[in-house]
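Undergrad: For reference, the sequence and a predicted model appear below.
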Amino acid sequence: MSSPIILLAEDDDNDVFFMRRALRKAEVDLPLHVVVNGQEAIDYLSGAEKFADRTRYPLPSIMLLDLKMPFLDGFEVLTWINSQPSLKEIPVVVLTSSAEDRDRQRATELGAKGYFVKPPTIETIKETMRFLEERSAHAAISA
């Protein structure tokens, strides 16, 4: 596996700022690629349009996904990811303003590995990075 990349699907500039700050405070020094809506998330993951250059836009090692985004929401992105066998190994963690149990349950049913309410905290980041570590350990065992 190449060096880890985080893909953040988030349409709010303030939330992107808070994520960058939380990553820095948690001492997570990984490249963060940001897409601003659900369609861009799918384009990035599928290598379509402006994301065709996989050297510049490699597949992420983990994805942080907002639920409430323009064009396609986070649930639609999760549904699409589930239909892509090549992407099922990428852990998706929902980071949203919704504390609704039904949203948490639906995200989990659609394959989200974690569900956190904004803003991100150091604890949120550390928990999220555990999913990345688990994926790396699983990949090492499978190799």
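TA: Done, it's in.
Undergrad: Relative to Glu133, how far out is Glu123?
TA: Separation of Glu123 from Glu133 (C-beta to C-beta, to the nearest Å): 15 Å. Backbone N, C-alpha and C define where each C-beta goes, glycine included.
Undergrad: Is Glu49 in contact with Ile42, as I believe?
TA: No. Assessed by C-beta atoms under 8 Å, Glu49 is found out of contact with Ile42, at 9.9 Å.
Undergrad: Tell me which of the two has more neighbours.
TA: Taking other C-beta atoms under 10 Å, Glu49 and Ile42 do not tie; Ile42 has more neighbours (21 against 11).
Undergrad: Of all residues in this protein, which one is nearest the centre?
TA: Most central in the chain under C-alpha atoms, centre = their mean is Met63, positioned 1.6 Å from the mean C-alpha point.
Undergrad: Got phi/psi on that one?
TA: Note on Met63: backbone dihedrals following degrees, to the nearest 10 are phi -120, psi 130.
Undergrad: Verify the contact between it and Pro91 for me.
TA: Yes. The pair Met63 / Pro91 is scored as a contact, 7.2 Å apart, by C-beta under 8 Å.
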